[in-house]
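# show me the folded form of this:
(one chain, ligands or ions: 1)
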Amino acid sequence: MSERTLTVNGRRYAWPKAPVVVVCIDGSEPAYMEEAMKAGMMPWLSRALPHGTKRLADCVVPSFTNPNNLSIVTGAPPSVHGICGNYFYDREAGTEIMMNDPKYLRAGTILAAFADAGAKLAVVTAKDKLRKLLGKGMKGICFSAEKANETTMAEHGIDDALAFVGLKLPSVYSAGLSEFVFAAGVKLMHRDRPDIMYLSTTDYIQHKHAPGTAVANDFYRMMDHYWAQLDAAGATVVLTADHGMNAKHGPDGKPQILFLQTLLDGWLGKDVARVILPITDPYVAHHGALGSFATAYLPEGEDVTAVAVRLAKLPEVELALTRAEAAFRFELPQDRIGDIVVVSKKAFVIGTSADRHDLSGLDAPLRSHGGVSEQKVPLYCNRKASSLPVDAKLRNFSAFDLALNYAEPAIAGAARRAVG
Ligand SMILES: [Zn+2]
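Below you'll find the predicted structure:
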């Protein structure tokens, strides 16, 4: 029997046999779910995983939100879809360009392709900055929790999502912003039974609270409660993350920062190099625009390799690569990264200069991401995937591949009861 399939960005996907929900839990270092399950806070997941799939996968580096969300929905690395951070530098114009606009997306999404082929689609994100990128070219429902009060049928596929979900509009810096995403997902599942749903949260909690802490466990218990309801509705649920999250401070609680612009100013002369921090976005209070990945543009004629070699020797630096090396190793678009890519070690972040980071919003010791130290993420499913090789090197952007091509039909009675 031939199966209906769609090919998107060179990968083949089977038509969903049951509703598919892919969840991107922002900043979900694997230890968060491990610790919450150990503490008995995730009863549904604890019961579902023995009947399902529990793997680890590598996310995209830079281990930032947008590159990874776009990789998940395109099933492809940034070298294909073009989104490798929140900013790139236009050397000719001498300006930093924000990559939130869908025009910078170079590949179609799995979501848009299935919608075009007649599938019913729903996408809910926490922050509005991701909505337009994820929903590019997609027919169906697509809105953010942040602006749920502004939705219209014409633009978002749903009028007044706020009233539909029935919760208060959450603050952009709150656990409630992510809870809204799941509350919306459950309501949409019950009302519309979408063929494919993509739900994406924000890492506000993970930036402040380590795995196993009371606040983190509460957050995961909240999510578990909603996932149980999606599971009870018969959905194939895949859980993954855009990136992990690590402490970036010393024993004194102070952030450990390599100020790269200041350093290169000292080596090469003031403002000769231009450092770009692609984590920078309009919502920086919880991380002060400090992550473990930076790129630097050097003037023509500068010995790039020599600078990279010198940077690689610094105690804070995990990797310093030339553009070509970084593009090859991390599958990045060469035209949107600098001459040098610098990745810091696990307990460090990279800044520009001390005066350009407002750390006044940091009310907890810094936790952040961006490097290879945040590359391991969960790839879980409430269904078995027996034909997925045990030694397969998995990426988080195989989430739809797992859900559509490998996840097996539900076993009657197994982990199908809703919790609470
Ligand atoms: Zn993120």
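# helices or strands up against the helix or strand encompassing residue 46?
Residue 46 belongs to helix 43-48 when elements are defined using DSSP states H and E. Counting contacts by 3 or more CB pairs under 8 Å, 6 or more residues apart in numbering; DSSP states H and E, helix 43-48 is packed against helix 30-38, helix 214-232. Any C-beta I mention is one placed from the backbone N, CA and C, and that applies to glycine too.
# got the CA coordinates for it in CSV?
Provided in CSV are the C-alpha atoms of helix 43-48 (Å, rounded to 0.1, in the frame of the first residue of the first chain):
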residue,chain,number,x,y,z
PRO,A,43,3.1,11.9,36.4
TRP,A,44,2.0,11.7,32.8
LEU,A,45,5.5,11.8,31.3
SER,A,46,6.7,9.3,33.8
ARG,A,47,4.0,6.9,32.7
ALA,A,48,4.2,7.7,29.0
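# about what we covered before: reformat the helices and strands packed on helix 43-48 as TSV; add distance to the ion.
Converted to TSV, these look like this (distance: least, CB to the ion, whole Å):
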stretch	distance to the ion
helix 30-38	13
helix 214-232	14
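# reformat those helices into CSV and put mean neighbour count and mean pLDDT next to each item.
As requested, these are exported to CSV (neighbours: other CB atoms under 10 Å; pLDDT from 0 to 100):
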stretch, mean neighbour count, mean pLDDT
helix 30-38, 20, 98
helix 214-232, 21, 98
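# now those as JSON lines including distance to residue 85?
Formatted as JSON lines, those follow (distance: least, CB to CB, whole Å):
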{"stretch": "helix 30-38", "distance to residue 85": "23"}
{"stretch": "helix 214-232", "distance to residue 85": "26"}
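# low-scoring stretches of this protein, by residue?
Within the chain, the ranges that satisfy pLDDT under 70 run 1-2, 282-286, 412-420.
# can you report how many residues lie near whichever residue of it sits closest to the ion?
Proximity of the chain to the ion (CB to the ion) peaks at residue 65, 3.2 Å away. Applying other CB atoms under 10 Å, we find 26 residues neighbouring residue 65.
# could you find the closest non-adjacent residue to the residue most central in space within the chain?
For the chain, the residue sitting closest to the mean C-alpha position, by CA atoms, centre = their mean, is residue 242 at 2.5 Å. Among residues not flanking residue 242 along the chain, residue 68 sits closest, at 3.6 Å (CB to CB, 6 or more residues apart in numbering).
# quick check, the one you found in a strand?
No: read with DSSP: H, G, I helix; E, B strand; the rest coil, residue 68 is helix and lies in no strand.
# surely it is in contact with residue 243?
Yes: between residue 68 and residue 243 there is a contact at 5.9 Å, judged by CB atoms under 8 Å.
# the two: which is more packed in?
Per other CB under 10 Å, whichever of residue 68 and residue 243 has more neighbours is residue 243, with 32 against 28.
# next up, the contacts around the nearest residue to that one once chain neighbours are set aside.
Using CB to CB, 6+ apart and skipping the chain neighbours, the partner closest in space to residue 243 is residue 63 (3.6 Å). By CB atoms under 8 Å, 6 or more residues apart in numbering, residue 63 lies in contact with 242-244, 292-293, 369-372, 374-375.
# hang on, the earlier thing: and the residue nearest to the centre of the chain, how far from residue 99?
15 Å (CB to CB, to the nearest Å).
# repeat that for residue 381.
Applying CB to CB to residue 381 and residue 99 gives a distance of 30 Å.
# and those two? Which one has more around it.
Just comparing residue 381 and residue 99: by other CB under 10 Å the higher neighbour count belongs to residue 381, 26 against 23.
# from what I see, that one and residue 236 are in contact.
Yes: the pair residue 381 / residue 236 is scored as a contact, 6.9 Å apart, by CB under 8 Å.
# residue 119 belongs to a helix?
No: looking at residue 119 with three-state DSSP, it is coil, so not inside a helix.
# which non-adjacent residue is nearest it?
Nearest residue to residue 119, sequence neighbours excluded (CB to CB, 6+ apart): residue 195, at 4.1 Å.
# then residue 4?
residue 15 (4.2 Å).
# residue 3 too?
residue 14 (5.5 Å).
# residues contacting the one you found?
Residue 14 makes contacts with 3-5, 404-405, as judged by CB under 8 Å, 6+ apart.
# which parts of this protein sit against the ion?
Selection of the chain residues close to the ion by CB under 5 Å from the ion yields 26-27, 65, 203, 242.
# can you do 8 Å?
Counting by CB under 8 Å from the ion, the residues of the chain close to the ion are 26-27, 64-65, 68-69, 202-203, 241-243, 369.
# ok, so of those residues, who is nearest residue 140?
Nearest to residue 140 among these is residue 69, at 16.8 Å by CB to CB.
# let me see the contact set for that closest one.
24, 130, 133-134, 200, 242.
# quick one on the thing from earlier: common neighbours of residue 68 and residue 243, please.
By CB under 8 Å, 6+ apart, the residues touching both residue 68 and residue 243 are residue 59.
# related to what we said a few turns ago, what helix or strand is the residue nearest to residue 243 on?
Per DSSP H and E, there is no helix or strand for residue 63.
# what's the answer for residue 380, then?
strand 376-381.
# the residue of the chain closest to the ion touches residue 241, doesn't it?
No: taking contacts as CB under 8 Å, residue 65 lies outside contact range of residue 241: 10.0 Å.
# find the residues that touch each one of those two.
In contact with both residue 65 and residue 241: residue 26, using CB under 8 Å, 6+ apart.
# what kind of secondary structure is the residue nearest to the centre of the chain in?
coil.
# that one: what's it in contact with?
Per CB under 8 Å, 6+ apart, neighbours of residue 242: 24, 26-27, 59, 63-65, 68-69, 72, 200, 203, 377, 396.
# what do you get if the cut-off is 6 Å, keeping everything else the same?
24, 26, 65, 68-69 (CB atoms under 6 Å, 6 or more residues apart in numbering).
# which one of the residues you listed is nearest to residue 50?
Out of the contacts of residue 242, the member with the shortest distance to residue 50 (by CB to CB) is residue 24, at 23.5 Å.
# gap between that closest one and residue 238?
10 Å.
# tally of neighbours for the closest residue to residue 105 other than its chain neighbours?
Leaving aside its sequence neighbours, residue 105 sits nearest to residue 136 (CB to CB, 6+ apart; 5.4 Å). Neighbours of residue 136 under the rule other CB under 10 Å: 20.
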